[in-house]
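S.K.: One predicted model, sequence on top.
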Amino acid sequence: MGNDILITVGKSVAGLASALVILRFINLKGWRHFNEYNRLKGKTFLITGANSGIGKQLTHQIAVAGGNVIMLCRDGAKGKSVINELKAQSKSATMGSITLRRMDLNSFASIEESAKELIESVPRIDCLINNAAVMMAPFSITEDGFEGHIQTNHLGHALLTTLLLPKIAASGSPADPSRVVFVSSILYRRGTIRDDSFKSGSVTLENFDSKVAYSDSKLASLLYARQLAHEIDRLGYPIVVNSASPGMVYTNLGRHFKLSWFKKVLLSPFAALFVRTPSEGASIILHAAASEKTIDSNGAFYHSYDEKPIESKFDDQLSKKVYQMTMEAINKSLE
Ligand SMILES: NC(=O)c1ccc[n+]([C@@H]2O[C@H](COP(=O)([O-])OP(=O)(O)OC[C@H]3O[C@@H](n4cnc5c(N)ncnc54)[C@H](OP(=O)(O)O)[C@@H]3O)[C@@H](O)[C@H]2O)c1
């Protein structure tokens, strides 16, 4: 009897362990380690939201490979503490520089000020990684009058990119173009674009849904990036624009998503295997930002390393419309 119980428990544990290993395998299907680190050396990368999660991991990997990182963070103290932590971890003589600039995507004035200062003080920008985001945050309206998700995740990055574009173009060449990467999410599929999507006052406390706000902002950013790639072709700039989704990654992004302790305990073994590490997530972003294989892929969307066609319902016409509406929303800051 005792032996039977032991055998049953043993089989259950083995079954669960096999299921978890299979989940891990499925989760990393199509995923590979970024291994072209020589391509990062000596280049200058600008990363928004670099003090946490994927941005912090990108900063670490790029600097260790000899690249120079300028972290754009809204909280100077958090940024400084990450620099100290990363410098203490890696004392290699070949390590690139890590510097910090304060920039809050929720303020167009802050973005304008940072862009101006960067244009004047930094010799080159080889790659801009638009990484920062908020997800399922409480309702807020920024000082520019927009809902918080759409400004942080989309409009702020669009403004920063537009202001820096000539500088980024000047750092690239046809053989080795500069890069702009928009960190995306597969949740774009749940997003929608309305005629008043980027109109201040269109989202109110009454019609606000934090999940919808995140998906809408990620869709807007993805479609904007696709049209920006066309605009860059037209201007003849040596820049490649891509979007890349890191998969589900264990970071601070879910800070506003509250789970009871019971659900946390129940889900933690699955999360440990099903959710990617920041390093695994960062690999896909580096692939889009620096790989030789992504040089000719202006306007592409990467998911698990492979270029993925975006849903056909989000067509080129919609990309053009998003681009136009975005430029109207940020227009004042471009005058
Ligand atoms: N984690 C995932 O499962 C997952 C899945 C798909 C896509 N992504 C995408 O991956 C990217 C990185 O997210 P993460 O997972 O690494 O999340 P994270 O750990 O929460 O990092 C987000 C970063 O954005 C910064 N940020 C937020 N609001 C800002 C603002 N107004 N101005 C400047 N910076 C601001 C945060 O700064 P503070 O620390 O000061 O708040 C933080 O540094 C995001 O674009 C996200 O949409 C993540």
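M.R.: Arrived safely. Residues are numbered from 1 along each chain as shown.
S.K.: all strands in this protein, in order from the N-terminus.
M.R.: Under the criterion DSSP state E, the chain contains strands at 44-48, 68-73, 98-102, 127-130, 178-183, 239-245, 300-303, 306-307.
S.K.: what's the last one in contact with?
M.R.: Right, the one you point to is strand 306-307. Contacts with strand 306-307, where a contact means Cβ atoms under 8 Å, 6 or more residues apart in numbering, come from 30, 297, 300-301. Every C-beta, even on glycine, is put in place using the N, C-alpha and C of the backbone.
S.K.: again, but for the fifth one
M.R.: Residues from elsewhere that reach strand 178-183 (Cβ under 8 Å, 6+ apart): 54, 125-131, 133, 157, 161, 168-169, 171-172, 221-222, 224-225, 228, 238-246, 285, 288-290.
S.K.: Separate out the buried members of the contacts of strand 306-307.
M.R.: If you count burial by 16 or more other Cβ atoms under 10 Å, the buried members of the contacts of strand 306-307 come out as 297, 300-301.
S.K.: Wait, Thr294 touches Ala288, no?
M.R.: Yes: using Cβ atoms under 8 Å, Thr294 makes contact with Ala288 at a distance of 5.6 Å.
S.K.: circling back: present the contacts of strand 306-307 as JSON lines; the columns should include distance to Cys73.
M.R.: Listed next are the contacts of strand 306-307 as JSON lines, based on distance: Cβ to Cβ, whole Å:
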{"residue": "Gly30", "distance to Cys73": "31"}
{"residue": "Ser297", "distance to Cys73": "29"}
{"residue": "Ala300", "distance to Cys73": "28"}
{"residue": "Phe301", "distance to Cys73": "26"}
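S.K.: Can you tell me which of the residues you listed lies closest to the ligand?
M.R.: Among those, Phe301 lies closest to the ligand (Cβ to the nearest ligand atom), at 12.3 Å.
S.K.: How about the closest one: which residues does it bridge to?
M.R.: According to DSSP bridges, the residues that bridge with Phe301 are Ser243.
S.K.: show me what contacts it?
M.R.: Neighbour list for Phe301: 184, 222, 226, 242-245, 307-310 [criterion: Cβ under 8 Å, 6+ apart].
S.K.: ok, back up a step: out of the contacts of strand 306-307, what pair is the most spread apart?
M.R.: For these, with distances taken as Cβ to Cβ, the pair at the greatest spread is Gly30 and Ser297 (16.2 Å).
S.K.: where do the contact lists of Thr294 and Ala288 overlap?
M.R.: The contact sets of Thr294 and Ala288 overlap at 242, 300, 302 (Cβ under 8 Å, 6+ apart).
S.K.: ok, now how distant is the residue nearest to Gly145 when sequence neighbours are not counted from Ala220?
M.R.: Leaving aside its sequence neighbours, Gly145 sits nearest to Ser200 (Cβ to Cβ, 6 or more residues apart in numbering; 3.1 Å). Distance, Ser200 to Ala220, using Cβ to Cβ, to the nearest Å: 15 Å.
S.K.: so who does the residue nearest to Glu311 when sequence neighbours are not counted touch?
M.R.: Excluding the flanking residues, the one nearest Glu311 by Cβ to Cβ, 6+ apart is Arg189, at 5.9 Å. Arg189 is in contact with 215, 219, 311, counting by Cβ under 8 Å, 6+ apart.
S.K.: Can you flag the buried ones in the contacts of Phe301?
M.R.: Buried by 16+ other Cβ under 10 Å: 184, 222, 226, 242-245, 308, 310, out of these.
S.K.: Quick one: residues contacting Ile295.
M.R.: Residues near Ile295 by Cβ under 8 Å, 6+ apart: 176-177, 240.
S.K.: Any of the residues you listed buried? List them.
M.R.: 177, 240.
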